[in-house]
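Chemist: Build me a model:
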Amino acid sequence: MALGTDGRYHRWAWILLFFLGFGGFLWSQLEDEVGLPDYLLLRRGETQRFTVKLPISLAIAEENPRQILKIDDRFLGKAGLRLGRRDSVAVMPLDLGQAGLKLKLFGLIPLRTRVVDVVPPVKVVPGGQAIGVLLAPKGMIVTGYAPVRGPDGRNFFPAREAGLQAGDLLLEINGEDIRNIQQLESLVNSYGAQDEPLTLKVQRGKRILTLKVRPSITEVSPPGAGYQRHRRRYVLGIFIEDPAAGVGTLSFYDKNTRIYGALGHMITDTVTRRQSDVSNGRIVVASIAGIQPAQHGQPGEKVGTFHSEEDIVGNIDKNSPFGIYGHLAIIPKNYGAAGEVPVAMAHEIRPGKAEMLTVIDGQRVERFELEILRISHQRRPDGKGLVLRITDPRLLKLTGGIIQGMSGSPILQDGKLVGAVTHVFVNDATRGYGILAEWMLKEAGLFERAATRSATPIPRGARAALQGSPEILPAWRGTDRVL
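Modeler: Numbering: from 1, shown residues only. Got it, this is the predicted structure:
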């Protein structure tokens, strides 16, 4: 009897969970059908009209609100405003700030509070230029440890025992600057053959450390070599990676403050997948030397060249999930890109034709047609506010669609910056995602700066000379190697 009761209890529990889940889904769909986005970014002084799809009432959420907006030419009090289905409502932003709108279905059932954020009008210059991203002006990044098998068969970890850590920037060996992986390998082998310990100069965060390590000898087989063919070399037992992160695209910059935004997504370590340290980062002018087209299930990529000691464009202040941001030391050449344009708010973007600015050959920015398939009206930022499809026949022929290195390519519609390309669909390279321009400008702090009318000075050292030979890199592919 107890078993039967327990069985009926579980059956009713599953039925209840089903109805709760289904009810939650229906309620979510109902919320989306109201006609007012969850988050509404509006420019001061520009009235926007919205069509309400359900009978609701509107009221200001705060008890003593600062009057920053009007609804249908009046300030809302506690009494609120009743709207019927398909009624048009005018939202009039009067002053900068944020307000909440309380919604009730039929004037009785509470719905999600809508947030209205009033910002000053801002214009930016769309980018499209190819940029090389350097996470450090010199040195190699330590990404992990590797065991060194000695001639006696035992494993050694010389670098770990000396105190070297993953994330350290290896700057010098015995007083010589580290410029590339080949030079580092040669130095370790040379001093190791002389049975000399190495003095390493290492940057860890903001600290500069000096460590001593003695390389260990190991035997390696060249690729394709026979079983008996070995060569000896000296190693430190670490994985290293070139600090040149790769090639991407400049999204926009502000002429007054020289603040820029690029990529539309975060730079992460290729091994740990963690956020990369950009405290010493720079962006430089890049040229696109080749295109590897996308294939089914395989994203294509731009292959870029740049000189790490020349053509410095600016520094990197921030590496966020919504792109990299910093200050330009020089204004990049436009090569056909547009002048200053307004920034479109999410509610102004429509499905349909748009264009993308990007480089596919050399340094010339070109315009390519695409279609915006869907706009997500988000309360919180992410890199997938737009769903895009490439429609330009020439670009499809050359690249197969969206490829690595296009990240950050600005998207324009009706003469306004609406967003930037961020991701490609794995199984369909003609489609991908984009981040809304409004989120990138908020991340860059341009709305706040426009409100305070403050200009940001160009940081000293933004044009500091970087050392190294030309790097030829596919977009965002690591150069991780055991040393």
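
Chemist: When you work out contacts or count neighbours from here on, use the C-alpha atoms and nothing else.
Modeler: Noted.

Chemist: give me the low-pLDDT residue ranges for the stretch 51-200 of the chain?
Modeler: Under the criterion of pLDDT under 70, the regions of the stretch 51-200 of the chain flagged as low confidence span 62-66, 77-79, 84-86, 136-137, 150-151.

Chemist: how about 80 then?
Modeler: Residues of the stretch 51-200 of the chain that meet the criterion pLDDT under 80 lie in 52-67, 73-88, 106-107, 135-139, 141, 143-156, 167, 179-182, 195-196.

Chemist: now do the stretch 201-350 of the chain
Modeler: Counting by pLDDT under 80, the ranges of the stretch 201-350 of the chain that qualify are 205-206, 217-233, 240-245, 268-280, 294-299, 306-311, 333-338.

Chemist: For it, just list every one of the strands.
Modeler: 207-213, 216-220, 231-235, 238-241, 244-253, 259-262, 282-285, 287-292, 301-306, 312-315, 318-320, 323-327, 341-342 (DSSP state E, counting those that start in this stretch).

Chemist: To Val188, which of the ones you listed lies closest?
Modeler: Shortest distance between Val188 and these, using C-alpha to C-alpha, is found for strand 231-235: 6.3 Å.

Chemist: What pairs with the closest one, parallel or antiparallel?
Modeler: Each strand pairing with strand 231-235, determined using DSSP bridges, is listed with its direction: strand 216-220 (antiparallel).

Chemist: Please identify which of the strands of the stretch 201-350 of the chain is closest to Ala166.
Modeler: Between the strands of the stretch 201-350 of the chain, strand 238-241 lies closest to Ala166; by C-alpha to C-alpha that is 8.6 Å.

Chemist: how far is that closest one from where the chain is centred?
Modeler: Between the mean C-alpha location of strand 238-241 and the chain-wide mean there is a distance of 24 Å, by C-alpha atoms, centre = their mean, to the nearest Å.

Chemist: Just the buried positions in it, please.
Modeler: Neighbour-count burial for strand 238-241 flags 238-241 (criterion: 16 or more other C-alpha atoms under 10 Å).

Chemist: Using the three-state scheme, assign Ile372.
Modeler: In the three-state summary, Ile372 is assigned as strand, counting by DSSP: H, G, I helix; E, B strand; the rest coil.

Chemist: Apologies, that question was intended for Leu170.
Modeler: Assigned with three-state DSSP, Leu170 falls in the strand class.

Chemist: and the nearest residue to it once chain neighbours are set aside, what is it in contact with?
Modeler: When the adjacent residues along the chain are set aside, Leu170 lies closest to Val202, with 4.7 Å between them (C-alpha to C-alpha, 6 or more residues apart in numbering). The neighbours of Val202, taking C-alpha atoms under 8 Å, 6 or more residues apart in numbering as the test, are 168-172, 208-211.

Chemist: ok, and the most crowded of those?
Modeler: Tallying neighbours with other C-alpha atoms under 10 Å puts Leu169 at the head of those, with 25 neighbours.

Chemist: Quick check: that residue vs Phe252, distance?
Modeler: In this structure, Leu169 lies at 30 Å from Phe252, with C-alpha to C-alpha, to the nearest Å as the measure.

Chemist: cool, Gln378 as well?
Modeler: Shown here: Gln378 relative to Phe252, a distance of 21 Å by C-alpha to C-alpha.

Chemist: These two: who's more crowded?
Modeler: When neighbours are counted by other C-alpha under 10 Å, Gln378 and Phe252 differ, and Phe252 comes out ahead with 29 against 16.

Chemist: Am I right that the more buried one is in contact with Gly264?
Modeler: No. Using C-alpha atoms under 8 Å, Phe252 is not in contact with Gly264, being 10.7 Å away.

Chemist: any common contacting residues for those two?
Modeler: Common neighbours of Phe252 and Gly264, using C-alpha under 8 Å, 6+ apart, do not exist here.

Chemist: where along the stretch 351-483 of the chain do the strands fall?
Modeler: With DSSP E, counting those that start in this stretch as the definition, the stretch 351-483 of the chain shows strands at residue ranges 352-359, 365-375, 386-390, 410-413, 416-425, 428-436, 471-474, 481-482.

Chemist: closest to Arg394 among the contacts of Val202?
Modeler: Distances from Arg394 to those, taken by C-alpha to C-alpha, are shortest for Leu169, at 42.4 Å.

Chemist: isn't the closest one right next to Gln203, touching?
Modeler: Yes. Shown here, Leu169 and Gln203 form a contact pair, counting by C-alpha under 8 Å, at 5.0 Å.

Chemist: CA atoms only for stretch 148-165, dumped as CSV, please.
Modeler: As requested, C-alpha coordinates have been extracted for stretch 148-165 and formatted as CSV (Å, rounded to 0.1, in the frame of the first residue of the first chain):
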residue,chain,number,x,y,z
VAL,A,148,61.6,16.3,-19.6
ARG,A,149,62.7,12.6,-20.1
GLY,A,150,66.4,12.3,-19.5
PRO,A,151,68.8,9.8,-21.0
ASP,A,152,68.3,7.6,-17.9
GLY,A,153,64.5,7.5,-18.5
ARG,A,154,63.6,9.7,-15.5
ASN,A,155,61.3,12.8,-15.8
PHE,A,156,62.6,16.2,-14.8
PHE,A,157,60.8,19.6,-14.4
PRO,A,158,63.7,22.1,-14.4
ALA,A,159,61.6,25.2,-14.9
ARG,A,160,59.0,24.3,-12.3
GLU,A,161,61.7,23.5,-9.7
ALA,A,162,63.3,26.9,-10.4
GLY,A,163,59.9,28.6,-9.6
LEU,A,164,58.7,29.5,-13.1
GLN,A,165,54.8,29.6,-13.3
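
Chemist: buried ones in it?
Modeler: Burial within stretch 148-165, assessed by neighbour count using 16+ other C-alpha under 10 Å, is assigned to 148-149, 156-160, 164-165.

Chemist: So what's the gap between that stretch and the chain middle?
Modeler: The gap between the average C-alpha position of stretch 148-165 and the chain average comes to 37 Å, counting by C-alpha atoms, centre = their mean.

Chemist: hang on, Ala61 packs against Gly100?
Modeler: Yes. In this structure, Ala61 is within contact of Gly100 by C-alpha under 8 Å, at 5.0 Å.

Chemist: can you list residues touching both of those two?
Modeler: With C-alpha under 8 Å, 6+ apart as the test, Ala61 and Gly100 both reach Thr113.

Chemist: Pop the domain breakdown of this protein in here.
Modeler: Domain assignment for the chain, taken from automatic domain parsing, gives 39-119, 124-133+245-474, 139-242.

Chemist: Figure out the length between the terminal residues of stretch 139-154.
Modeler: Distance between the two ends of stretch 139-154: 30 Å, counting by C-alpha to C-alpha.

Chemist: ditto for stretch 356-370
Modeler: Note: stretch 356-370 ends 7 Å apart using C-alpha to C-alpha.

Chemist: Rounded mean pLDDT for it, please.
Modeler: When pLDDT is averaged along stretch 356-370, the result is 94.

Chemist: do stretch 386-393 as well
Modeler: Per-residue pLDDT values across stretch 386-393 average out to 95.

Chemist: Alpha carbons only: can I get that stretch in PDB?
Modeler: Provided in PDB are the C-alpha atoms of stretch 386-393 (Å, rounded to 0.1, in the frame of the first residue of the first chain):
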ATOM      1  CA  LEU A 386      22.400  39.800 -33.800                       C
ATOM      2  CA  VAL A 387      22.000  36.800 -36.100                       C
ATOM      3  CA  LEU A 388      23.600  37.400 -39.500                       C
ATOM      4  CA  ARG A 389      23.900  35.900 -42.900                       C
ATOM      5  CA  ILE A 390      26.400  36.800 -45.500                       C
ATOM      6  CA  THR A 391      24.800  37.400 -48.900                       C
ATOM      7  CA  ASP A 392      27.500  39.100 -50.900                       C
ATOM      8  CA  PRO A 393      28.400  36.800 -53.800                       C
END
